[in-house]
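[1] Below are the sequence and a predicted model for it; my questions follow.
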Amino acid sequence: MECAGEVVAVGEAVEGFRIGDAVLAIAPGTFSTFVTTRDFLATHKPAGLSFEDAATVPVAFLTARFALQNVAGIKSGDRVLIHAGAGGVGLAAVQLCQRAGAEIFATAGSDVKRDFLRSLGIQHVMSSRTLDFVAEIVERTGGRGVDIVLNSLTGEFIPASFSVLRQNSRFLEIGRAEIWDTVRIAGVHPTAAYDVIELETIIREQPALIREMFAGVMREIRQGELKPLPLRAFPLAEAEHAFRYMAQARHIGKIVVTLPAAIRSEGAYLITGGFGALGLAVAGRMVERGARCLILMGRSLPSDDAANTLREWESFGVRVKVIAADVSRAEDVKRVLAEAAADFPPLLGVVHAAGVLDDGVLQQQTWDRFEHILAPKMAGAWNLHCLTRHMELDFFVMFSSAASLFGSAGQGNYVAANAFLDALAHHRRANNLCALSINWGVWSEAGLAADRNAGQRLARRGLQPLEPTQGLDAFERLLGSPEAQVAVLPIRWARFLAQFPAGSVPPLFREMAEAKKHSADSTATSELLQRLKEAPPDECRGIIAAQIREHTLKVLGLPASSNLDPRQPLHELGLDSLMAVELRNAIARTVGSSLPASLLFDYPTVETIAAYLSREVLHLESAAESAPTAGGSDNRTRLLDQLEQIDEEEAEALLAEKLLAFGAGEIKK
């Protein structure tokens, strides 16, 4: 329902918006490149607010503002209970309560979230997993209770929350799962006012009020009285990971999905190292994607071949400013930016691709040789950072090297220079500035290492050259990445990991090493089936159970020597919903067959899973021969009981898990 972006068209009767304006808005179907909405549902984005931050504002702040200010009339001294306080609406409500001078009582579902709420200065922080908050509120208020409840919980939490309300107080319901009628309310709290807050209804029935509230929220954000919510951003290409992250129910505030940054014809783009093969290749891709104003900067003028390329672009209407300047000199960078500002539209993006090589083992290195390498990359990046940080750029990309991740013999100076770029990207991100450091591998036809026979040396380590098209595609995709640092290089993992002794894989590659093991799953499947084929029938289930036990211990992160009761429900060992998906997938790969999404709900123990696989999947025994597979119905009953206690955060997690299963074609009618 909410998004942030740029206006590309306006209706004839629309006033106050122009094409190119940066806005945040409420709109239908916002997982899209373009959306259309009503003018009162959009507002201008403050210049100092990123698009990601802006996207967290509309729904949460409008819901909280309407509930607390327009309905409850919150005032200084009020006591307010905010359930699911680390969620989007919860954190917006916290800010509004703090500004009003109210006393806050907040619940959250994990220690991490509760610690975060305490870091905001909230003294009364309690769990949303139990009803203990009732006794805590009674004790902390001397039995007087609270004036307002902002609720999103269900089941027993609703009457429990009513029980801590004072006389003639308000219960604000923002959930959808359980709406009470007047009869039920009168039975637990006859004097309480009960209001269901539905933003969609307010939008439909009171557009003028929405416009007024939206303007008020943005005015307070511009003045620093309110702040955008905490967020975790994922690029659209990683939307699946975003849902998986939500399935863990560990996020605080909002999850934002970002689209790739577009190359815009109305802005200018600066490329350092712009006359080299790599700089020209990147510039060419930007021209293909719509760039019409380029500033190419290099220490010397372009070669004849490069000049021919530039003339070809100009014949298509591209304006190219060629400037010979040293990016390591601040005065040169100032001059370039001043000339660009005088002749071109505003600068929208920077690509820092300048760099040189001067290889030598450390014993042969001198500080002069280090300075020679550090100057274009390190000093150049810092000059660009300092002189553009006041600008509202779409991207600030620095071309680093995988050498700063892997190390590179004989390139200590080059490694240091690139490590600075990586650190600067994180520094800019921490200061709410766009930044991306790309740790490139070796480009096959461009870049510093392309003509230095580095390809053969790296290939022996399993590091393959990057084809220009691959690199340019990656560059284009990463322009909108929310990450500060990304490595791009083809790797033959088996060869690369073989260079490390057993058990000594560096931490950076351990996840990849673990993932590589999955490639052996087909072999593991054939080995299991062969063992089952050769084993006596009465031993087959034990073989299957041993395999399940091995997978379970790995997923739970327990030592292989751990005792695991085959009849103990796995959720009692700490198996959560995400682990359940991982375990089911591991078992499915081993038996070579797809398994139902509800496997761990229906068969919650090693014993019952083994019986199910033996009978229903591998067909090694009949139903009559099976040992008891009970537990599924009991587990479902227990799950239904738990659902009565579910809060908004847990509901999001379960929904996300089912959406993932649906996306994989695992949910059937």
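    Alright, I've got the coordinates.
[2] Quick check: R144 touching Q167?
    No. Applying Cβ atoms under 8 Å, one finds R144 not in contact with Q167, separated by 10.0 Å. Every C-beta, even on glycine, is put in place using the N, C-alpha and C of the backbone.
[3] between these two, which one's more packed in?
    Here R144 and Q167 are compared on neighbour count by other Cβ atoms under 10 Å; more neighbours surround R144, at 13 against 10.
[4] The more buried one falls within a strand, correct?
    No. Per DSSP: H, G, I helix; E, B strand; the rest coil, R144 lies outside any strand segment and is coil.
[5] Would you mark the buried spots in stretch 404-414?
    For stretch 404-414, a neighbour-count test (16 or more other Cβ atoms under 10 Å) marks S404, L405, F406, S408, Q411, G412, N413, Y414 as buried.
[6] next one: stretch 462-474
    Residues G462, L463, Q464, P465, L466, P468, Q470, G471, L472 are the ones in stretch 462-474 that count as buried (16+ other Cβ under 10 Å).
[7] before we move on, back to that, turn the buried residues of stretch 404-414 into CSV, columns for pLDDT, distance to I26 and secondary structure.
    Formatted as CSV, the buried residues of stretch 404-414 follow (pLDDT from 0 to 100; distance: Cβ to Cβ, whole Å; DSSP: H, G, I helix; E, B strand; the rest coil):
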residue, pLDDT, distance to I26, secondary structure
S404, 83, 42, helix
L405, 83, 41, helix
F406, 76, 46, helix
S408, 65, 50, coil
Q411, 72, 51, coil
G412, 71, 53, helix
N413, 76, 52, helix
Y414, 82, 49, helix
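[8] Closest to I179 out of the residues you listed?
    L405 (53.1 Å; Cβ to Cβ).
[9] tell me the contacts of the nearest residue to the closest one once chain neighbours are set aside?
    Of all residues not flanking L405 in the chain, N439 sits nearest, at 5.3 Å (Cβ to Cβ, 6 or more residues apart in numbering). The neighbours of N439, taking Cβ atoms under 8 Å, 6 or more residues apart in numbering as the test, are S400, S401, A402, S404, L405, N418, D422, Q485, V486, A487, V488, L489.
[10] which SS class is the first one?
    Using three-state DSSP, the secondary structure recorded for S400 is strand.
[11] Please work out how many residues are found near it.
    Around S400 there are 29 residues (other Cβ under 10 Å).
[12] how far away is it from G412?
    The spacing between S400 and G412, counted by Cβ to Cβ, to the nearest Å, is 15 Å.
[13] repeat for the fourth one
    In this structure, S404 and G412 are separated by 11 Å, where distance is defined by Cβ to Cβ.
[14] cool, and the last one?
    Counting by Cβ to Cβ, the separation of L489 from G412 is 20 Å.
[15] Equivalent analysis for the third one, please.
    Distance check for A402 against G412: by Cβ to Cβ, it reads 15 Å.
[16] cool, T608 as well?
    The gap separating T608 from G412 is 58 Å, by Cβ to Cβ.
[17] quick one: contacts for the nearest residue to P346 once chain neighbours are set aside?
    In space, and not counting its chain neighbours, P346 is closest to G267: 5.9 Å by Cβ to Cβ, 6+ apart. By Cβ under 8 Å, 6+ apart, G267 lies in contact with C293, P345, P346, L347, L348, G349, D394.
[18] Just the buried subset of the residues you listed, please.
    C293, L347, L348, G349, D394.
[19] Restricted to strands, list these.
    C293, L347, L348, G349 (DSSP state E).
[20] Dump those residues into TSV; add distance to K533 as well.
    Below are those laid out as TSV (distance: Cβ to Cβ, whole Å):
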residue	distance to K533
C293	69
L347	68
L348	64
G349	61
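[21] Just the closest of these to R222, please.
    Using Cβ to Cβ, the shortest approach to R222 within these belongs to L348, at 22.7 Å.
[22] Correct me if wrong: the closest one contacts D394.
    Yes. L348 lies in contact with D394 (Cβ under 8 Å); the separation is 4.9 Å.
[23] what residues are up against V94?
    V94 makes contacts with I82, G85, I104, A106, L117, L120, I122, as judged by Cβ under 8 Å, 6+ apart.
[24] Identify the farthest-apart pair in these.
    Greatest spacing in these, by Cβ to Cβ: I82 and L120 (11.3 Å).
[25] The two: which has the busier surroundings?
    I82 (32 against 15).
[26] I'd like the distance between that one and G5.
    Looking at I82 against G5, where the rule is Cβ to Cβ, the gap reads 30 Å.
[27] residues near R176, how many?
    With neighbours defined by other Cβ under 10 Å, the count for R176 comes to 12.
[28] what does R495 give?
    If you count neighbours by other Cβ under 10 Å, R495 ends up with 14.
[29] Isn't it up against Q464?
    No. Counting by Cβ under 8 Å, R495 does not reach Q464; the two are 9.6 Å apart.
[30] Columns distance to L620 and pLDDT on top of the buried ones among the contacts of G267, output as a markdown table?
    Below are the buried ones among the contacts of G267 laid out as a markdown table (distance: Cβ to Cβ, whole Å; pLDDT from 0 to 100):
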| residue | distance to L620 | pLDDT |
| --- | --- | --- |
| C293 | 69 | 94 |
| L347 | 68 | 95 |
| L348 | 64 | 93 |
| G349 | 61 | 94 |
| D394 | 59 | 89 |
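[31] L199: which of these is nearest?
    Nearest to L199 among these: D394, at 30.5 Å, using Cβ to Cβ.
[32] hang on, that closest one packs against R264?
    Yes. Contact criterion Cβ under 8 Å: D394 and R264 qualify, at 7.4 Å.
[33] now the strands: where do they sit in the stretch 251-400 of the chain?
    With strands called from DSSP state E, counting those that start in this stretch, the stretch 251-400 of the chain shows them at 254-258, 268-272, 293-298, 319-324, 347-352, 395-401.
[34] Compute the inter-axis angle for the third one and strand 268-272.
    Put plainly, it is strand 293-298. Angle, strand 293-298 to strand 268-272, by axes from the mean of the first three to the mean of the last three Cα atoms, to 10 degrees: 10 degrees.
[35] Fine by me, we can end here.
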